[in-house]
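**Q** All I have is the shape, not the residue letters:
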């Protein structure tokens, strides 16, 4: 078996009294697409910064591509690509000039290489456009292009789809899968639950702690002990307050304009409906639902 | 050439060319400042308007007026008939001084104890001081002349000669043209201001836009980033030096007596200080505005305590001490000596050493602060 691309052992980072990343340990295998899911401020970006040697770990260690992430950060940086959530582009340079600049920084002067990276991203034809006048979706692609210009074997994407419309997000994930099929390992952070479903494995972060890391399917199987229900009921807020107090209900939450309940195995729809109606709630429907990572997150966050 | 360094320099040049504000700062402002300061910041007093209240109306009093007229310093703008009129003109600032000739001027002149009065507006001390000493000189010269005439007329033979005469010789700037003193200072100020402000903002801009984080995860080394970003500004500042020097020489006729290579080389030494201060400010500031403000805060004392406008010798001791840590102070001595006196390196070695020490010191401190890590 080959060496893992990323190994973290009890990786910890404190800012004063605040523990941003708290004893996080995981491994990422070559060619995997691993998602790092969690709300803003849960320690995702801090983890990536430590993996790239931008921040020194307060405790524990990280090994990336066989190098110590902090002490040998130059080695890591030369071999890894990084796309930050800010899309670090120069607005006053054209698409081509941005690529040429970052290429030159990695020692790539070969125009054909830059051209092929641009065509991979579908940016051919946009070379003379001033970056500042690009839409968010195109900026995102160019930011990815900058991370890819030196053809890294490992790619860190920090919230790559923030501020981008759903169509562009989907197209972006197609690109990530193209890269992964070429053997690139991708480590991507997101706070979109639906996006995490695309990943081969997902780590769930909350308040600096890695709560779980597994395939989306395994997470749902292991974490969600029971069944997931979609409930339409009225009055909405009262129903939301009452649901968790009912017997057999493990967890309740909102999902759009319906309620979501996780119950113990064996609880049936009619039982749930009767229990709610017993409390004076008008129930319109109770249906079994496919478990999502959101449900997993809710359960873990308990 | 190192591909990383080359890429940064090229990128920085493209960004300068695309940004009209930076471009104006580099190309237009130095020339504008040169002309503004070359003309406006002059301490030469000429054509001061004065009023004359001639109560004597005699050939002798007219001769005294002619003497005032003959000197370039005064322009007899008003002929008044009363003290009230005179006071009014001075109060309104239309006349800066007034000459009062008493009714018995020509009679008293014959008796040898004539007096005239000169009233000066002291609210502008520069004009007041010069007018005062000029009026005294004109009076003395006129007195000597009258004595010579009287001696000649009385037929006492031998011509009158004053027992003491001070013969002055002004070296380097014989006409005491203040532009010759100002323009070397302008060169120093422009170089210093442009390099420090632009350096600070160019680095902080990367932080503000978040591009610095992306640069840090590339194989760029700190020194390559700093050198690459500063090189275009060094080149453009040296270009500015030559433009201002050429304009100063051709338009304001400022002499360039020293060695041109030495002038450029030592201007480069001043740039080191400007770049160092800018780099240091960039490590303190988080936004371009903060960077601009920080450099301005160091620029103002640097300009006032450098001897650019006010002579250091006249300052209180404490301010003179502070001036020792101002690099522009040393450069001004160097550039004035090089341009006006045409001295060699030996005459200015102390200033060169001080400037070099400051430049290396501030650059070193800034480079230490400017580390590649974020925390």
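**A** Now that the structure is in, tell me what you want to look at. Bear in mind that the values here come from a model prediction, so they are computed numbers and not experimental data.
**Q** do you know how far residue B:369 is from residue A:154?
**A** 31 Å (C-beta to C-beta, to the nearest Å). Using the backbone N, CA and C atoms, a C-beta is placed for each residue, glycine as well.
**Q** Who has more neighbours out of the two?
**A** residue A:154 (20 against 12; other C-beta atoms under 10 Å in any protein chain shown).
**Q** wait, doesn't that one sit right on residue A:187?
**A** Yes: if you go by C-beta atoms under 8 Å, residue A:154 and residue A:187 touch, sitting 7.2 Å apart.
**Q** Mutual contacts of those two, please.
**A** Common contacts of residue A:154 and residue A:187, defined by C-beta atoms under 8 Å, 6 or more residues apart in numbering or on different chains, comprise residue A:6.
**Q** Checking the closest residue to residue A:102 other than its chain neighbours next. Helix, strand or coil?
**A** Sequence neighbours aside, residue A:146 is the residue nearest to residue A:102 in space, at 4.5 Å (criterion: C-beta to C-beta, 6 or more residues apart in numbering or on different chains). Secondary structure state of residue A:146, per DSSP: H, G, I helix; E, B strand; the rest coil, is helix.
**Q** Give the full set of residues in contact with residue A:146.
**A** Residue A:146 neighbours (C-beta under 8 Å, 6+ apart): A:83, A:88-89, A:98-99, A:102, B:214.
**Q** In strands, which of those residues fall?
**A** residue A:83 (DSSP state E).
**Q** now residue B:149: how far from chain A?
**A** 78 Å (C-beta to the nearest C-beta, to the nearest Å).
**Q** And that residue, which helix or strand is it part of?
**A** With elements taken from DSSP states H and E, the one containing residue B:149 is helix B:125-153.
**Q** nearest spatial neighbour of whichever residue of the stretch 151-300 of chain A sits closest to chain B, skipping sequence neighbours?
**A** The nearest approach of the stretch 151-300 of chain A to chain B comes at residue A:156, 8.4 Å away (C-beta to the nearest C-beta). What sits nearest to residue A:156 in space, not counting adjacent residues and going by C-beta to C-beta, 6+ apart, is residue A:82, at 4.7 Å.
**Q** wait, the one you found sits on residue B:216?
**A** No: using C-beta under 8 Å, residue A:82 is not in contact with residue B:216; the gap is 9.4 Å.
**Q** number of nearby residues for the residue in the stretch 51-200 of chain A positioned nearest to chain B?
**A** In the stretch 51-200 of chain A, the residue that lies nearest chain B is residue A:104 (2.9 Å; C-beta to the nearest C-beta). For residue A:104, the neighbour count with other C-beta under 10 Å is 22.
**Q** do the one 3 residues further on as well
**A** By the measure other C-beta under 10 Å, the count of residues near residue A:107 is 15.
**Q** Kindly indicate whether it is helix, strand or coil.
**A** Applying three-state DSSP: residue A:107 is coil.
**Q** so what's it up against?
**A** Residue A:107 makes contact with A:150, B:3-4, B:219, according to C-beta under 8 Å, 6+ apart.
**Q** please redo it, this time with the cut-off set to 6 Å
**A** Residue A:107 makes contact with residue B:3 under the criterion C-beta atoms under 6 Å, 6 or more residues apart in numbering or on different chains.
**Q** where does chain A come near chain B, residue by residue?
**A** Neighbours of chain B within chain A, by C-beta under 6 Å from any C-beta of the partner chain: A:52, A:54-55, A:77-78, A:82, A:84, A:86, A:88, A:92, A:101, A:104-105, A:107.
**Q** Which of those residues scores worst on pLDDT?
**A** The lowest pLDDT within those belongs to residue A:86, which sits at 80.
**Q** Can you tell me how far the nearest residue to that one once chain neighbours are set aside is from residue B:287?
**A** Distances taken as C-beta to C-beta, 6+ apart place residue B:210 nearest to residue A:86, at 3.5 Å, with adjacent residues excluded. Distance from residue B:210 to residue B:287, counting by C-beta to C-beta: 13 Å.
**Q** quick revisit: how about the helix holding residue B:149: buried residues?
**A** B:127-128, B:130-131, B:134-135, B:138-139, B:142, B:146 (16 or more other C-beta atoms under 10 Å in any protein chain shown).
**Q** got the residues of chain B near chain A?
**A** B:3-4, B:7, B:11, B:15, B:18, B:210-211, B:213-214, B:217-220, B:374-375.
**Q** One more pass at 7 Å, please.
**A** Within chain B, the residues that sit near chain A (C-beta under 7 Å from any C-beta of the partner chain) are B:3-4, B:6-7, B:11, B:14-15, B:18-19, B:210-211, B:213-214, B:216-220, B:373-375.
**Q** So among these, which ones count as buried?
**A** By neighbour count, with 16+ other C-beta under 10 Å, these hold B:4, B:7, B:11, B:14-15, B:18, B:211, B:213-214, B:216-218, B:220 as buried.
**Q** right, and the pair among these with maximum separation?
**A** B:18 and B:217 (25.0 Å; C-beta to C-beta).
**Q** Work out for me the element whatever residue of chain B ends up closest to chain A sits within.
**A** Nearest residue of chain B to chain A (C-beta to the nearest C-beta) works out as residue B:7 at 2.9 Å. Assigned by DSSP H and E, residue B:7 belongs to helix B:3-18.
**Q** model confidence over that helix, on average?
**A** Mean predicted lDDT for helix B:3-18 stands at 93.
**Q** for stretch A:275-286, same thing?
**A** On average, stretch A:275-286 scores 86.
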